[in-house]
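Student: Need a 3D model of the following:
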Amino acid sequence: MIKAVMADWAGTMVDYGCFAPMRVFVEVFRQKGVAITDEEARGPMGLLKRDHIRAICRMERVAEAWREKYGRFPDENDVNELYALFEPMLLSILHDYAEPIPGAVELAARLRERGILIGSTTGYTAEMMQIVAAEAKKRGYAPDMLVTPDDVPAGRPYPWMIYENAKALGVYPLSHIVKVGDTISDMQEGVNAGLWTVGVVLGSSELGMSEEKVRVCDPAELDKRIREIGERFRAAGAHYAIEHIGRLDEAIDDINRRLAAGERP
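Tutor: Numbers count the residues shown, from 1 in each chain. As a prediction, the model looks like this:
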């Protein structure tokens, strides 16, 4: 049976809609005189934040806008300058973006009742996670293990953070672990690690909507967007796409059935 869950943080267990990093990405590019959209800022979400900035700079439209502004395409020095703006700005606001997503605290309690351990991976650095983890704990959520990209050779989509979690928690084989996240890079991380992989839609960066916008959204439009995001998750290798984090139990029950039948991810 499933022995552990490897959960992402922002957009999965805390920070509904994953707004903290998105807003800062938009602002730091604005300060450099290049406007990026919310969608462009969200595109590489889940990566280590320096890698995320690098990925934005490689986007064709953004790179061309940078060339128009500076007469050349962005290079590694520009990435470093953008990150130097990004990090202190994000650190200054993270304490306001650690509220558990509805259903996350209750899910963690149910997993523990079943003897399922909770590991976690993130695109945040260790310094960022000191803030987020402490604030989330005050609000009722604390996993059994946390690994950041600082602890391993590389962050997502590489599987190293998951392997470190599994080692620290003493959990094996990997086919008895579930990865849950809200971005394409989360799905890639889980698949690359050989885990059952689950994408969550409501509260996710992929959806990019606040709780209030979800509440007032036309039901048909919301259902369409949920289906489209689920398809993107599955195209990236996800075994399941769930509407909200509180439904992870259902996916685990089905995975346990498949494991009992001899299936592996």
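Student: Double-check that residue 5 belongs to a strand.
Tutor: Yes. Membership of residue 5 in a strand is supported by DSSP: H, G, I helix; E, B strand; the rest coil.
Student: dump the residue contacts of it.
Tutor: By C-beta atoms under 8 Å, 6 or more residues apart in numbering, the contact list for residue 5 reads 111, 116-119, 177-180, 248, 252. In short, each C-beta sits where N, CA and C put it, glycine included.
Student: can you do 10 Å?
Tutor: 107-108, 111, 116-120, 143-144, 165, 171, 177-180, 195-196, 198, 248, 251-252 (C-beta atoms under 10 Å, 6 or more residues apart in numbering).
Student: That one bridge partners, please.
Tutor: residue 118, residue 178 (DSSP bridges).
Student: Please report how far it lies from residue 15.
Tutor: 18 Å (C-beta to C-beta, to the nearest Å).
Student: can you check residue 44 too?
Tutor: On the measure of C-beta to C-beta, residue 44 and residue 15 end up 17 Å apart.
Student: what's the answer for residue 228, then?
Tutor: Distance from residue 228 to residue 15, by C-beta to C-beta: 22 Å.
Student: swap in residue 153?
Tutor: 26 Å.
Student: Just want to know which of those two has more residues nearby.
Tutor: residue 15 (25 against 7; other C-beta atoms under 10 Å).
Student: Quick check: pLDDT value at the nearest residue to residue 17 once chain neighbours are set aside.
Tutor: Take residue 17 and drop its neighbours on the chain: the residue closest to it by C-beta to C-beta, 6 or more residues apart in numbering is residue 210, 5.1 Å away. Listed pLDDT for residue 210 reads 94.
Student: got the residue ranges for the strands in the stretch 101-250 of the chain?
Tutor: Shown for the stretch 101-250 of the chain, the strands assigned by DSSP state E, counting those that start in this stretch span residues 117-120, 177-181, 196-200, 240-242.
Student: for this structure, what spans make up the helices?
Tutor: Counting by DSSP state H, the chain has these helices, from start to end: 19-31, 38-42, 49-58, 60-70, 76-93, 104-113, 126-138, 160-169, 184-193, 211-216, 219-235, 248-260.
Student: Burial check on the nearest residue to residue 189 once chain neighbours are set aside, number of neighbours?
Tutor: Leaving aside its sequence neighbours, residue 189 sits nearest to residue 156 (C-beta to C-beta, 6+ apart; 4.4 Å). By the criterion of other C-beta under 10 Å, residue 156 has 30 neighbours.
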